[in-house]
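Trainee: what shape does this take:
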Amino acid sequence: MHRLAAVAAAGALVFGLAGSAVAGELAEPLPERPNIILFYLDDVSPHDGSLWNDPARTPNIAEHFVERGIEFSNAIGETPLCCPGRANLLTGLHTHNTGVIRNDALLFDPSEHIGKAMQDAGYASMYIGKYLNGNSSLSPQQWLEHDAGWTQLDVIKGVNGSFNNFTWHTKQGESQVNNVHSTQMVANAAVARFQQTPAETPIFAVLSTYNLHAPNRPMPQDVGDPRCAGIPRYNPPNYNEADVSDKPSGIRALPLLAEPNGWSLVRYCEEMLGVDRAIGQVIDELEAEGRLDNTLMLFTADNGMGWGAHRIGQKKTWPYTTPLPLYMRWPAAGWGDEARRINDVVSNIDLAPTFCVLAETCVLGPFAHGRTGPDGLSLVPLINGGVPNLARDAVLEAYYVNGGMSYAALRTTAAYDSDKRWHYIEYVNGEKELYDVVADEWEMTSVASGPAYADVVADLHARLVELRVDGIGQGSGEISITLDVTPNRSTDYSFEGDLGPFALDDDTDAALPNQQTFRDLPAGRYTVTRPPIAPWVPLDIDCDGVHIDETTVGRIAIYVHPGEQVSCIFTDTGPLPRPDAMVALTTAGPYMKDNLYQQIATTKQAVRRNGVKIGVSYDYQLRLQNDALFADSLIVRSERSGPSTVKVKYLFKGTDVTAKVSAGTFTLPSLAPGATAQMVIRLTIGTGTPLGSVFKATAFVSSATDPSMVDSARAVAAR
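Mentor: Here you go, the predicted model:
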């Protein structure tokens with residue numbers, strides 16, 4: 001076992017469920033379990049505290065957090081994106097264990113999280129404000145499941161960035177809110193919910209604002225406030241970096257920013273005036289109720305932000321944007337009698353375990369994938385002086401949906417080296433970065449390729465391999481790889497990687513299957529690569545479960561948890577357009593047009609209905625077009641996946657042609673170049689279709705002249 005792994009093994013003993021492993025390590029006994037109030041911002045860089053440390057602008061934040069709080073100066077968010085960051089906070093799990101790899105509320109499992117655990121421990125648990133992106137896709141039944149995890153779930157439903165005029169979802173019903181800024185709404189709702197909570201009942205509350213997320217709308221009274229007019233621009237050494245030759249290709253491709261003298265903070269400052277006023281309103285209410293002294297208050301954000309670093313504008317998808325602000329204060333425990341700084345590297349996955357320990361009877365877990373407890377560690381012994389560090393050698397960072405620039409990274413902690421010196425990054429396309437953040441605080445020069453650092457790179461790479469599967473657990477799972485819409489040019493399509501070499505072809509070659517399944521795989525991470533074969537190159541990789549995709553080389557990394565069945569479909573593109581399948585929910589469209597034989601696809605070729613009901617039939621409009629330069633007939637066949645209780649029917653001009661489509665023999669009349677024909681895919685949801693299930697009906701259209709020319713469209717129904 002190498003050095004980092006040995007330290008990590010020791011660190012695993014620090015946190016135990018319900019805090020039993022922590023209690024004996026505290027330097028001082030703590031007061032009775034506190035109220036816990038989390039002031040949760042959106043898209044905030046910690047590197048310029050001028051947005052919140054000036055009492056003239058933000059008196060409440062300055063007084064309660066900056067002047068008398070504990071600052072974690074090396075706090076990071078594991079995945080710098082809204083939904084993944086919130087899932088990290090709520091579960092204490094790595095992103096590869098939450099499965100929330102992108103901004104999609106449907107990916108979050110509401111069956112176990114810190115809100116539910118605190119509620120079960122006797123707290124009034126509340127989530128108020130911005131929730132999970134894409135929550136308008138949740139069905140009424142799914143909303144009930146999310147509601148059940150909280151005493152109160154008062155959240156904005158719908159479009160991200162809804163500062164004004166939004167739908168307000170509560171367990172009691174939904175309403176339209178106009179002419180109230182969403183940040184003010186968060187404060188008003190928090191005060192009302194606190195007043196409804198009996199004095200003897202402790203409160204756990206996540207108070208989540210849209211600030212400082214684009215489109216950056218301050219409260220109306222704060223626009224043009226003179227207190228913000230003179231705030232200095234954000235202009236650290238790495239702002240608009242001139243020489244990015246050491247950076248990965250995605251950064252090298254970025255142009256210099258139009259503002260060479262620093263990123264303007266005026267708009268953010270105006271937003272923070274309203275945020276501070278809302279925080280002050282909540283703190284005043286806690287004080288009026290006699291709760292403030294025994295309240296742990298936190299000031300943090302869901303993820304960091306670029307603000308011009310290394311030419312990154314208001315973006316957050318890079319490993320340089322994982323740092324986030326984190327302050328805490330708990331008067332009754334002496335946490336924040338005076339300003340204090342903790343420099344060890346900590347993660348947002350550590351917050352849920354910390355809250356659970358302080359709640360005393362809280363148990364966080366087990367989780368759906370079999371993880372018995374969180375991946376993060378309680379910060380209590382670190383704050384309370386019981387240990388010099390958490391005995392964890394490194395903290396994981398990962399981003400999963402950035403094409404060739406998806407990455408996994410780690411930052412070393414004080415348990416690895418007292419200086420917390422290294423930030424190591426591996427991109428899915430093979431590029432690497434290594435920064436000595438002691439000598440190079442602003443990460444101006446990567447030393448990953450330096451011969452003197454070869455041993456460091458090797459050691460950190462080995463540790464990162466372990467961290468990438470941390471917490472997945474013991475057991476086995478299954479992976480299915482399908483080659484979908486693969487033009488047959490008398491060429492077999494070879495795959496390689498952790499599953500070993502294998503070959504697939506489409507249905508036109510009887511000697512080869514178009515799918516291969518690997519069963520009884522030990523839980524873990526598996527890479528699969530399908531190199532391009534000219535002129536056909538991988539276009540898209542569609543997987544169930546967490547994956548990294550890099551479409552230019554057809555590479556995926558699949559995370560398999562115990563008992564999990566993961567299926568992935570590769571699709572390809574080439575230069576010769578022939579059939580084109582398009583799908584829409586209504587006859588008026590818009591149709592999702594995506595000819596797989598264009599060089600660049602415009603959008604994913606599927607439409608989805610959520611919250612479908614038993615006994616109801618749903619029509620999907622299928623438009624087929626001949627994109628050849630000559631008249632051609634098109635052959636339609638189908639595949640389906642999902643519950644057998646869902647019935648699928650294909651209609652052409654009102655005639656049921658399901659049998660022919662299922663047999664792959666239904667042929668449309670000859671179409672002129674550019675001509676279209678219309679069909680209907682009708683899904684009927686039968687009795688017994690389980691909640692949470694997804695049904696997919698895929699229509700494949702091929703050229704009668706050249707059957708290897710295939711396109712597809714997919715109708716998706718989510719129960």
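Trainee: please give the number of neighbouring residues around Asp225.
Mentor: Neighbourhood size, Asp225 [other Cβ atoms under 10 Å]: 16. Where C-beta positions appear, they are placed from N, C-alpha and C, glycine not excepted.
Trainee: and it, what's its pLDDT?
Mentor: Here the pLDDT value assigned to Asp225 is 98.
Trainee: quick one: the helices in the protein, in order.
Mentor: With helices called from DSSP state H, the chain shows them at 3-11, 59-61, 82-91, 95-98, 114-120, 140-148, 182-196, 226-229, 249-252, 266-288, 351-358, 380-383, 454-467, 658-663.
Trainee: mean confidence for the shortest one?
Mentor: To tie it back to what came earlier, the one meant is helix 59-61. Taken as a whole, helix 59-61 carries a mean pLDDT of 98.
Trainee: end-to-end on stretch 250-257?
Mentor: 15 Å (Cα to Cα, to the nearest Å).
Trainee: how far does that stretch sit from its chain's centre?
Mentor: Centroid separation between stretch 250-257 and its chain, computed with Cα atoms, centre = their mean, to the nearest Å, is 24 Å.
Trainee: buried stuff in that stretch?
Mentor: For stretch 250-257, burial by neighbour count (16 or more other Cβ atoms under 10 Å) applies to 250-251, 254, 257.
Trainee: flag the shaky bits of this protein, pLDDT-wise.
Mentor: 1-28, 484-491, 506-511, 533-539, 551-552, 572-577, 593-604, 629 (pLDDT under 70).
Trainee: ok, now how distant is the residue at minimal distance from the centre of it from Val648?
Mentor: Of all residues in the chain, the one closest to the mean position by Cα atoms, centre = their mean is Pro84, 2.8 Å from it. Separation of Pro84 from Val648 (Cβ to Cβ, to the nearest Å) stands at 34 Å.
Trainee: same check, this time on Leu298
Mentor: 50 Å.
Trainee: quick one on the thing from earlier: can you put the buried residues of stretch 250-257 in TSV and add distance to Leu691?
Mentor: Below are the buried residues of stretch 250-257 laid out as TSV (distance: Cβ to Cβ, whole Å):
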residue	distance to Leu691
Gly250	40
Ile251	44
Leu254	44
Leu257	48
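Trainee: burial measure for Thr295, as a count.
Mentor: 22.
Trainee: hmm, I typed the wrong one, I wanted Phe666.
Mentor: By other Cβ under 10 Å, neighbour count at Phe666 equals 21.
Trainee: and what of Leu390?
Mentor: Counted with other Cβ under 10 Å, the neighbours of Leu390 add up to 23.
Trainee: residues contacting it?
Mentor: Neighbouring residues of Leu390 by Cβ atoms under 8 Å, 6 or more residues apart in numbering: 11, 14, 344, 346, 377, 379, 381-382, 413, 415.
Trainee: what's the closest of those to Pro501?
Mentor: Here the nearest of the contacts of Leu390 to Pro501, counting by Cβ to Cβ, is Gly11; it sits at 38.0 Å.
Trainee: picking up where we left off before, and of the buried residues of stretch 250-257, the nearest to Ala454?
Mentor: Nearest to Ala454 among these, with distances taken as Cβ to Cβ, is Ile251, at 23.1 Å.
Trainee: give me the distance between that closest one and Ser617.
Mentor: To Ser617, Ile251 is 50 Å away according to Cβ to Cβ.
Trainee: still on that earlier bit, may I see the PyMOL selection of the buried members of the contacts of Leu390?
Mentor: Buried members of the contacts of Leu390, defined by 16+ other Cβ under 10 Å, are picked up in PyMOL with:
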select buried, resi 11+14+344+346+377+379+381+382+413+415
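Trainee: redo the contacts of Leu390 as CSV? Include distance to Phe700.
Mentor: As requested, the contacts of Leu390 are exported to CSV (distance: Cβ to Cβ, whole Å):
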residue, distance to Phe700
Gly11, 51
Val14, 53
Asp344, 55
Val346, 50
Leu377, 49
Leu379, 53
Pro381, 58
Leu382, 57
Thr413, 51
Ala415, 54
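Trainee: closest to Thr586 among the contacts of Leu390?
Mentor: Among the contacts of Leu390, and counting by Cβ to Cβ, the member closest to Thr586 is Val346, at 49.5 Å.
Trainee: show me what the closest residue to Ser712 other than its chain neighbours is bridged to.
Mentor: Counting by Cβ to Cβ, 6 or more residues apart in numbering, Phe700 is the residue found nearest to Ser712 once chain neighbours are left out, at 4.8 Å. Phe700 has these beta-bridge partners by DSSP bridges: Arg637, Ser712.
Trainee: mind listing what Phe700 touches?
Mentor: Shown in contact with Phe700 (Cβ under 8 Å, 6+ apart): 485, 581, 636-639, 710-712.
Trainee: and it, how far from Leu634?
Mentor: Using Cβ to Cβ, we find Phe700 at a distance of 10 Å from Leu634.
Trainee: what's the burial count for Thr587?
Mentor: A count of nearby residues for Thr587, using other Cβ under 10 Å, gives 11.
Trainee: which residues touch it?
Mentor: Residues in contact with Thr587 (Cβ under 8 Å, 6+ apart) are Gln621.
Trainee: and it, how far from Gln621?
Mentor: In terms of Cβ to Cβ, Thr587 sits 5 Å off from Gln621.
Trainee: if anything else comes up later, I'll come back, but that's it for now.
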